[in-house]
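> When you get a sec, could you give me coordinates for this:
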Amino acid sequence: MSGHATRVTTSIGGRRVDHDDSGASVQADQLFLRDLDDLDRRTTVADEYKALGAAALLRRLLLDEAPLVHQVNRYRRVRIRFRINGESPLERAVLEDNPLLWAIGDAIDPDAFPAPGISAPMDAKLNQFLARTVMVARGERLSEGDLIRQVAHIDGGVHNGNPTNPREELLDQVSRFMFFRDVPATVHHVQLIGKIAVRGLVPLRDVILAGDGATDNGATAPAS
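Numbers count the residues shown, from 1 in each chain. As a prediction, this is how the structure comes out:
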């Protein structure tokens, strides 16, 4: 055994689809690698237009009905965790006072913002990662998943739409009046979420690259 995946071809719905012996389609692998590479770049840009695209990538990687991470990891079964700050006693005390407006900002990332009193590092599963509260507005707790969907579907990441419910209207108002580093708070938080997502998905990326040489098709690896 060489340790490398063997590429095979099957027919699905009359269409020829390449697979490796991990069971994942090569097309999905390539898309995953390219999306991860693109996301890595978009998490650091100051240009709001380019930053909006991070939401579309996060949606496809983590939130779609069949997210790419599940497609490429179905048979590989790489352990995936996302390093975040969980809710600290200080944060809990702040939120118990029902602030009108609060955002966790850079403190979501324990590696980038190891602040005393806020640090509560944890290795979150995907569902925990997406459910983590990162903002409160008018008493509504807003999660990472909420912000990804909002930036993707309302703010222009995928669609430039209109709010269709009170929660979306609230997030739309936040994006208009709350800014971090000259970009809307919602977009800034999506960039922070993207940075953590890239780091969490690096082990899966490395297994794909080691197993099927997908970089031959132009995919490059994001910085670890």
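
> contacts and neighbour counts: CA atoms only from here.
Fine.

> remind me which residues of this structure are low pLDDT?
1-25, 153, 155-161, 163-164, 212-224 (pLDDT under 70).

> Just want the most central residue of it.
residue 58 (4.0 Å; C-alpha atoms, centre = their mean).

> got the buried residues for the host helix or strand of that one?
Per DSSP states H and E, residue 58 falls inside helix 48-58. The neighbour-count check on helix 48-58 (16 or more other C-alpha atoms under 10 Å) flags 51, 52, 53, 54, 55, 56, 57, 58 as buried.

> for residue 42, what are its contacts?
Contact analysis of residue 42 by C-alpha atoms under 8 Å, 6 or more residues apart in numbering lists 50, 51, 53, 54, 191.

> measure the closest residue to residue 110 other than its chain neighbours to residue 63 for me?
Closest residue to residue 110 apart from its sequence neighbours, by C-alpha to C-alpha, 6 or more residues apart in numbering: residue 85 at 5.5 Å. To residue 63, residue 85 is 21 Å away according to C-alpha to C-alpha, to the nearest Å.

> Strands of this protein, start to end?
Taking DSSP state E to define them, one finds strands in the chain at 7-12, 15-20, 82-85, 101-103, 121-124, 133-137, 140-143, 179-180, 183-184.

> Work out the sheet partners of the third one and label each with its direction, please.
Paired strands of strand 82-85, with direction, are strand 121-124 (antiparallel) (DSSP bridges).

> Show me what stretch 189-199 is in contact with.
Outside stretch 189-199, the residues that reach it (C-alpha under 8 Å, 6+ apart) are 36, 39-40, 42-44, 51, 54-55, 58, 82-84, 105-106, 108-109, 134, 144, 147-148, 151, 222, 224.

> Next: stretch 128-147.
With C-alpha under 8 Å, 6+ apart as the criterion, stretch 128-147 contacts 63, 82, 84, 86, 98-105, 108, 170-171, 174, 186-187, 189-190, 193.

> Would you list the buried entries among the residues you listed?
63, 82, 84, 86, 102-103, 105, 108, 171, 174, 186-187, 189-190, 193.

> Out of the residues you listed, which is nearest to residue 126?
residue 82 (7.2 Å; C-alpha to C-alpha).

> what residues are up against that closest one?
Residue 82 neighbours (C-alpha under 8 Å, 6+ apart): 122, 123, 124, 125, 126, 129, 196, 197, 199, 200.

> now those residues as JSON lines including distance to residue 72?
Shown next, in JSON lines, are the contacts of residue 82 (distance: C-alpha to C-alpha, whole Å):
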{"residue": "122", "distance to residue 72": "24"}
{"residue": "123", "distance to residue 72": "21"}
{"residue": "124", "distance to residue 72": "20"}
{"residue": "125", "distance to residue 72": "17"}
{"residue": "126", "distance to residue 72": "15"}
{"residue": "129", "distance to residue 72": "19"}
{"residue": "196", "distance to residue 72": "19"}
{"residue": "197", "distance to residue 72": "15"}
{"residue": "199", "distance to residue 72": "17"}
{"residue": "200", "distance to residue 72": "15"}
